[in-house]
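In: model the structure of this input:
(2 chains)
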Amino acid sequence: MKLATWNINSLNVRLPQVLDWLKANPVDVLALQELKLTDDKFPAQAFSDAGYQAQWFGQKTYNGVALITHAPARDVVKNIPVFSDVMARVIAATVDGIRVIGAYFPNGQEPGSDKFDYKMNWLKGLRDWVRQELQVHPELVLMGDFNITFDDADVWDPVALHETIHCTEEERYHLRALVALGLCDSFRLFAQSEKSYSWWDYRDFGFRRNRGLRIDHILVSQALQERCLSCAIDKAPRKNERPSDHAPVVLTLACPTN
DNA sequence: ATGCCTCAGCTCCTGAGA
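Out: This is a model prediction of the structure:
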């Protein structure tokens, strides 16, 4: 079983790339972030024609998340039930017996800003909810654009970016607290090349110079950890003509051995 | 560095992203 996450920075612009990618990478679940479209504009038919079902939660201009699945998605939840939010950032569903949460974490803009405070409150709300979800669903995957690096290994220039957004100790504390609920960073279960990133700035040839951050993550619950076979960042779509600034992350799970 | 690039929208500039 394969699960993937990809911030596509506008589904309107990136739909052909998403369909191409799915054709080459037939995953069971693809979590998308930054749809940047309202629900009535979601291209459900295009995914249906490609053999996928979709659940989506959009809004105008900003944010928006979706789960593209091969099998039916059941018990769909939109946003964090215990956290009141006007932004469309979370979609969860049970697929093939696994609870899957796709999330677009707040950016936070700058430490000390109102948006940073919102990010901290959102992270606390997410944690309280994921704690509950794990009790009901031991097999759980939390994936998406976290907008947080785990540590300096996820940062192209840790000195220059020390305590800047995505790299602050306060954000990383929240990320570790999330993991402490009983999750693990599936990417680091495996040997990875140094300077592995999932996002590169559009400006200044960021991708060509590999000036990036690893901020897109797939966390798995302890019950799923031993089923993890691989986790990789697919840089190929970042080389497309009009790429998203993010690359997809793909997790492969072994079939259950019952 | 108040810069760089990309996208959406009350679109020829601005806000936001990261």
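
In: which strands or helices does the top helix by length along chain A pack on?
Out: The residue-count maximum for a helix in chain A (DSSP state H) belongs to helix A:114-136. On a contact count with 3 or more Cβ pairs under 8 Å, 6 or more residues apart in numbering; DSSP states H and E, helix A:114-136 meets strand A:98-104, strand A:140-145, helix A:169-179. C-beta coordinates here come from the backbone N, C-alpha and C atoms, glycine included.

In: as JSON lines, these with mean pLDDT would be great.
Out: Formatted as JSON lines, the helices and strands packed on helix A:114-136 follow (pLDDT from 0 to 100):
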{"stretch": "strand A:98-104", "mean pLDDT": "98"}
{"stretch": "strand A:140-145", "mean pLDDT": "98"}
{"stretch": "helix A:169-179", "mean pLDDT": "98"}
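
In: DNA strand B is nearest to which of these?
Out: With Cβ to the nearest atom of the strand as the criterion, DNA strand B lies closest to strand A:140-145 of those, at 5.5 Å.

In: helices or strands up against the closest one?
Out: On a contact count with 3+ Cβ pairs under 8 Å, 6+ apart, strand A:140-145 meets strand A:2-7, strand A:29-33, strand A:98-104, helix A:114-136, strand A:216-221, helix A:222-225, strand A:249-253.

In: which of these sits most buried?
Out: Across these, the average number of neighbours (mean count of other Cβ atoms under 10 Å) peaks for strand A:29-33, which reaches a mean of 28.

In: please save the CA atoms from the next helix-or-strand element following it in CSV.
Out: Going down the chain from strand A:29-33, the next helix or strand is helix A:44-49, by DSSP states H and E. Taking Å, rounded to 0.1, in the frame of the first residue of the first chain, the C-alpha atoms of helix A:44-49 are listed here in CSV:
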residue,chain,number,x,y,z
ALA,A,44,-14.0,15.4,-9.3
GLN,A,45,-14.8,14.0,-12.8
ALA,A,46,-11.1,14.2,-13.8
PHE,A,47,-10.1,12.1,-10.9
SER,A,48,-13.0,9.7,-11.5
ASP,A,49,-11.9,9.3,-15.1
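
In: so how far is helix A:44-49 off the chain centroid?
Out: 22 Å (Cα atoms, centre = their mean, to the nearest Å).
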